[in-house]
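Chemist: how would this look folded up:
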Amino acid sequence: MCRLKNRIKFPLWHTFRTMCTDMRAKFFLLVVFLLMGVSNSGAQQTDLIDSLARYFRAADAAKIADEFSSKLQLNILDEESVYSNAQAEQIMRDFLSKNKPVSVKIISRLSSNPSYKLAVLSMVTGKDKFRISISLSSSGTRFLIKEMRIEYDKQ
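Modeler: Numbering: from 1, shown residues only. You can find the predicted model right below:
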């Protein structure tokens, strides 16, 4: 069993230097695991954008609406207004029933700001191609959709 050489209280760096090798290894592993937990929070948000693409691909308006904030600015083909979560879900359900997705791809994502995210999706249907812009804002512990814009893709 390893003991500290000095029992006098010194700054942390000195205590670390006087630890035996086993204790240093355990301390190092603890720091690594703590840092992995901090860096994993950004990966969770990336998963949200991936999840939104899957929800659009499946035409699942209910799952998309789970990510809406209580009030949402929604612009679908130049019809723009602010809707409640329930109203926006119904509008999305109608839109997705009329425009069945064949494929959905993530064109771009902006996630460098810790309180704001942006995603641009491309949705191909049987007849048309749409560009979907989604703005997500931090709301406590999670990100919620504050604004969504669906327009014809001109490319």
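Chemist: C-alpha coordinates for the one helix or strand M148 maps to, PDB please?
Modeler: Element membership of M148, judged by DSSP states H and E, is strand 142-152. Taking C-alpha atoms only, strand 142-152 is exported to PDB below (Å, rounded to 0.1, in the frame of the first residue of the first chain):
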ATOM      1  CA  ARG A 142     -31.700  20.800 -23.500                       C
ATOM      2  CA  PHE A 143     -32.100  22.400 -26.900                       C
ATOM      3  CA  LEU A 144     -35.500  23.100 -28.400                       C
ATOM      4  CA  ILE A 145     -36.600  24.200 -31.800                       C
ATOM      5  CA  LYS A 146     -37.400  27.900 -31.800                       C
ATOM      6  CA  GLU A 147     -37.700  28.500 -35.500                       C
ATOM      7  CA  MET A 148     -38.300  26.200 -38.500                       C
ATOM      8  CA  ARG A 149     -38.400  27.200 -42.200                       C
ATOM      9  CA  ILE A 150     -39.400  24.900 -45.000                       C
ATOM     10  CA  GLU A 151     -39.000  26.200 -48.600                       C
ATOM     11  CA  TYR A 152     -38.600  24.800 -52.000                       C
END
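Chemist: Would you mind pulling up the elements that that strand packs against?
Modeler: helix 21-57, strand 68-76, strand 129-139 (3 or more C-beta pairs under 8 Å, 6 or more residues apart in numbering; DSSP states H and E). From N, CA and C alone the C-beta is placed, and that goes for glycine too.
Chemist: quick one: buried residues of that strand?
Modeler: F143, L144, I145, K146, E147, M148, R149, I150 (16 or more other C-beta atoms under 10 Å).
Chemist: Touching it from outside, list them.
Modeler: Strand 142-152 is contacted by residues 45, 48, 52, 64, 67-69, 72-78, 88, 95, 117, 128-137 when judged by C-beta atoms under 8 Å, 6 or more residues apart in numbering.
Chemist: What pairs with it, parallel or antiparallel?
Modeler: Strand 142-152 sits in its sheet next to strand 68-76 (parallel), strand 129-139 (antiparallel), going by DSSP bridges.
Chemist: chain center to that strand: distance?
Modeler: How far strand 142-152 lies from its chain's middle: 12 Å, per C-alpha atoms, centre = their mean, to the nearest Å.
Chemist: Quick one: low-confidence residue ranges for the chain.
Modeler: 1-25, 27-46 (pLDDT under 70).
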